[in-house]
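*Asks:* quick one, fold the following:
(4 chains)
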Protein chains: 4
Amino acid sequence: MSPSADKEKLAPWRLKIHEVIFEADTKAGKTFDIILLIAILLSILIVMLESVKNFNDRYHQLFLVIEWGLTILFTIEYIIRIISIKKPWSYILSFYGVVDLLSILPTFLGLFLTGTHTLTVIRSLRLLRVFRILKLGKYLKEVQSLNIALRNSKRKIIVFLGTVLTLVIILGTLMYLIETEESGFTSIPRSIYWAIVTLTTVGYGDIYPSSELGQFIASIVMITGYAIIAVPTGIVTTEMARVDESKLSTQSCTSCAKEGHDKDAEFCKYCGENLHT
Amino acid sequence: MSPSADKEKLAPWRLKIHEVIFEADTKAGKTFDIILLIAILLSILIVMLESVKNFNDRYHQLFLVIEWGLTILFTIEYIIRIISIKKPWSYILSFYGVVDLLSILPTFLGLFLTGTHTLTVIRSLRLLRVFRILKLGKYLKEVQSLNIALRNSKRKIIVFLGTVLTLVIILGTLMYLIETEESGFTSIPRSIYWAIVTLTTVGYGDIYPSSELGQFIASIVMITGYAIIAVPTGIVTTEMARVDESKLSTQSCTSCAKEGHDKDAEFCKYCGENLHT
Amino acid sequence: MSPSADKEKLAPWRLKIHEVIFEADTKAGKTFDIILLIAILLSILIVMLESVKNFNDRYHQLFLVIEWGLTILFTIEYIIRIISIKKPWSYILSFYGVVDLLSILPTFLGLFLTGTHTLTVIRSLRLLRVFRILKLGKYLKEVQSLNIALRNSKRKIIVFLGTVLTLVIILGTLMYLIETEESGFTSIPRSIYWAIVTLTTVGYGDIYPSSELGQFIASIVMITGYAIIAVPTGIVTTEMARVDESKLSTQSCTSCAKEGHDKDAEFCKYCGENLHT
Amino acid sequence: MSPSADKEKLAPWRLKIHEVIFEADTKAGKTFDIILLIAILLSILIVMLESVKNFNDRYHQLFLVIEWGLTILFTIEYIIRIISIKKPWSYILSFYGVVDLLSILPTFLGLFLTGTHTLTVIRSLRLLRVFRILKLGKYLKEVQSLNIALRNSKRKIIVFLGTVLTLVIILGTLMYLIETEESGFTSIPRSIYWAIVTLTTVGYGDIYPSSELGQFIASIVMITGYAIIAVPTGIVTTEMARVDESKLSTQSCTSCAKEGHDKDAEFCKYCGENLHT
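*Replies:* All right, here's what the predicted structure looks like:
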């Protein structure tokens, strides 16, 4: 995690490339980031438009040219990334490394494979590159603070989701017993699907109760769903407020190595060691 | 509530069983909990899949075997639970005791009863065991803290639900008077059902206003529903923040008299004095 | 607002009645409240069931009997309320006084008027009595604290609703210009109705965009609606938290008469006067 | 930003007009604001009703008269605004200046242009004047405090919307690969539109999954959408609470050194000392 140490052993030209590709501090690095972002969004747009029959019929050739152009660009980028880093395998095997590779493979595979549907599936992998957007240096601080709040509230949210799942299983089964097959409640899984559609207040209208008792229970499900949305909101808000006003220091005690000290703490609250020596 | 006192009078082998079944601290206890959870989820899955015509036609025999296997397993578990506890009736009559019994009875009853629908209804009782998931030791603290927040805000939420009910009754009646029967507003209860569907922003689309005045009032209902969801959210969030804040100890240091120590603090964070002497 | 002063001039038997009807502290008062509540809910249930064709055809005579019974009961209650109070007009002209009168008039009017629809409309007025539920002594404190929070956030919520209205007017008009009449966007008011249905995430499905551009704008409306629900929630939560932790005293300064002092204040923060003399 | 300096150089009659039009403090200014608001709302109502075929057929002549009346009124207002201000171009080129001009142009353009649809589009520009409502002096403070909270949370909300967009792109593509064209998933953009409709819990019901796997993934999308609405709510609430809290002064009393005084406090609430000496 000490990039300066890594860079010292890289040749100057690899150092320069590393700076441009992996760091967003310099002007060249920022320009590179923006060009990459535009290229990714363009490649995503092409995948999308290819799936619209009208567009594909008319602009198939154009799409093919852009696709190959972007693929070559991304391939060069991928090779440069490998060259400019000291430990290439840690990048290749990382989440973004795999995604980067998956986004260039499909076009090459398209040369050997046939069958429209298989190709579309493979081509769609390129969409995963959209995650790169989340790595934009400018908003890293916000992403981090949101992440901390969500990670802290993870366990409470799991408990909440568990309760919701228990609820929809029981309510879905209840509705399956009460409602007729004609209304769409043909099996328990389908009734649970209905319970989820209703509890989350989505309400497609593809399945809905027709009997009086069914509508009564549906009303209870809706009001429940309307009220318990307050729970995840409460969890996340409380956690965000805590991260926000957080006076927690990142310091760890030199004596007992425990963390989580307040910023104004002079002594370790667990062993009494002076924190500033 | 002093389990150690209870256990002292149990025979050693019953003590051992008690530890495995009722406590999640030991390794054997944890393994038991996980096996039980998998068995419960499997039994729920079987009930669900049995209701899907396709699956039931093809795998009916397999389902029957698994059902009997699980029922025997749960019966053994139920008997062991009764044996290993000092006051069996307090368990048998508890919520989980009744649920545990209800989850094994249906299969046995199935031997004597006939009629598919009746059987499905009874079999579905096994689904109630899903509540056991909520008892998973690992998340007990989160469940508890959520419970406290919800119990504290119970009275405010009742007031809120009362107001919502009053609103949907009046708005539903109003719509019944304004809208025609053709649009689906055939009776006051059905119009109230529509008001609930709309206010909770579920919006199936099975009943919707067709006249201009009806659409105008529907718009008011929607915006009201959209705005008042803030109320339960506000209630729960405020209560959660309060539960959260109460983690600070009220203790003041005997040396420097400063306050604001965390509940787990052993030493004063300002002067290093031991807080427990 | 000094009921004791009023009661001193009332005859003892009127005083007794006043206690039972208007106060919820005594045992007789509580019993009266509960009986009244049940009678109101029953009368509401009758109005509802009368509107269901099936029920009305079968139980019309029963409904008529209950209706007359309840009307006579409510008439007696209304007369007693007028007798037992010192200033009857202040009750008669109050919101609850008017509602109480409106809930007994319809049945008497039914004797002279004919025409089913007119009668249903008039009979529905009885539903307004449902508001009495909100006056239940037990939850008065919660109602009050919710009311304060909502009253404090009223102005911010008006600003929010104003913005939402502006948004739906502009977005509705935009969709009217973009979408065809076949999709249901036949006029600007109807398009605004669609915008409200979409922004509030109700989504009936009676009107929905069919063109690509329309679906694109609809997506923006949905995401906007999904995101800005955070605003009323934020407003109400903040206000509730403030009411909650409120250390505001109800005391007013004896020197400058200004209010809004903290509970721990010893001196007026506006003029320096000692608050405790 | 020092209007008094500007006004000193204006002739007295222009000063008077400036006071009435641009300031809401005086009685004349308030009256002008209310008349303007009514005129704007009337003009918006006319645009709306003109689009309803029934109304337009019957009242076309009346609408035309009101339209011309309002246009002349707004033209006079526009000219007066330009005259009464020292730097007219700063108003003309401001957002409200452009909107004011756009709201009078359409009627004049209608004299030269023909073609119903083009005219409706142009006429709709007048709707933009609805923004003037937001400038109502009375609620300026609330608008400001909401604006601050939203501006502060802007970056976090962008990160949230970016994540939501990434999610709907990936989920939409996934559903396009899984579901059949018959269910409405005819292209990736349309599938993404479905994902937005579902994630935001709008749920029109124009497109919905029909396969088991599709319904399973849809369930995940719904529960995700139901849970992550907590994020923007948490962001905005936290920010609002912070704007709210910042009303406390950082001043400490010169006599007793205690802190926590309100910003409007003149005297120390603990010892009565004047805070401003």
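
*Asks:* would you check how far apart the residue in the stretch 51-200 of chain A that chain C sits nearest to and B:E19 are?
*Replies:* The stretch 51-200 of chain A approaches chain C most closely through A:V52 (8.5 Å), counting by C-beta to the nearest C-beta. Quick note: C-beta positions are derived from backbone N, CA and C, even for glycine. A:V52 sits at a distance of 63 Å from B:E19 (criterion: C-beta to C-beta, to the nearest Å).

*Asks:* now swap in A:P209 and tell me
*Replies:* Distance from A:P209 to B:E19, by C-beta to C-beta: 47 Å.

*Asks:* near chain C, anything from stretch A:173-185?
*Replies:* No: judged by C-beta under 8 Å from any C-beta of the partner chain, stretch A:173-185 makes no contact with chain C; its nearest approach is 15.0 Å.

*Asks:* hang on, the earlier thing: quick one: which of A:P209 and B:E19 has more around it?
*Replies:* Under the neighbour definition other C-beta atoms under 10 Å in any protein chain shown, A:P209 and B:E19 were set side by side, and A:P209 has more, 25 against 17.

*Asks:* need the three-state assignment for the more buried one.
*Replies:* At A:P209 the chain is in coil, as set by DSSP: H, G, I helix; E, B strand; the rest coil.

*Asks:* need the contact list for it.
*Replies:* By C-beta atoms under 8 Å, 6 or more residues apart in numbering or on different chains, the contact list for A:P209 reads A:M175, A:I178, A:E179, A:S183, A:F185, A:Q215, A:I217, A:A218.

*Asks:* ok, and which of these reach chain B?
*Replies:* With C-beta under 8 Å from any C-beta as the criterion, the contacts of A:P209 include A:Q215, A:A218 near chain B.

*Asks:* lowest-confidence entry in the contacts of A:P209?
*Replies:* Lowest in pLDDT among those is A:S183, which has 83.

*Asks:* residue ranges for the helices of chain A, please.
*Replies:* Per DSSP state H, chain A carries helices over the ranges A:3-8, A:12-22, A:27-51, A:53-84, A:88-92, A:95-112, A:116-124, A:140-152, A:154-178, A:188-199, A:212-228, A:230-244.

*Asks:* got the angle between the second one and helix A:53-84?
*Replies:* On the basis of axes from the mean of the first three to the mean of the last three C-alpha atoms, to 10 degrees, helix A:12-22 is oriented at 140 degrees to helix A:53-84.

*Asks:* check the last one too.
*Replies:* Angle, helix A:230-244 to helix A:53-84, by the same axes, to 10 degrees: 30 degrees.

*Asks:* any idea how far helix A:230-244 is from the chain center?
*Replies:* Averaging C-alpha positions (C-alpha atoms, centre = their mean, to the nearest Å) puts helix A:230-244 20 Å from its chain's average.

*Asks:* same check, this time on the second one
*Replies:* Averaging C-alpha positions (C-alpha atoms, centre = their mean) puts helix A:12-22 28 Å from its chain's average.

*Asks:* can you spell out which helices and strands pack onto that helix?
*Replies:* If you count contacts as 3 or more C-beta pairs under 8 Å, 6 or more residues apart in numbering or on different chains; DSSP states H and E, helix A:12-22 packs onto helix A:27-51, helix A:53-84.

*Asks:* by mean pLDDT, show me the worst of those helices.
*Replies:* Mean pLDDT values for these show the minimum at helix A:27-51, a mean of 82.

*Asks:* chain center to it, what's the gap?
*Replies:* The answer for helix A:27-51 is 18 Å, by C-alpha atoms, centre = their mean.

*Asks:* quick one: low-confidence parts of the stretch 51-200 of chain A?
*Replies:* Across the stretch 51-200 of chain A, the ranges flagged by pLDDT under 70 are A:113-123, A:130-140.
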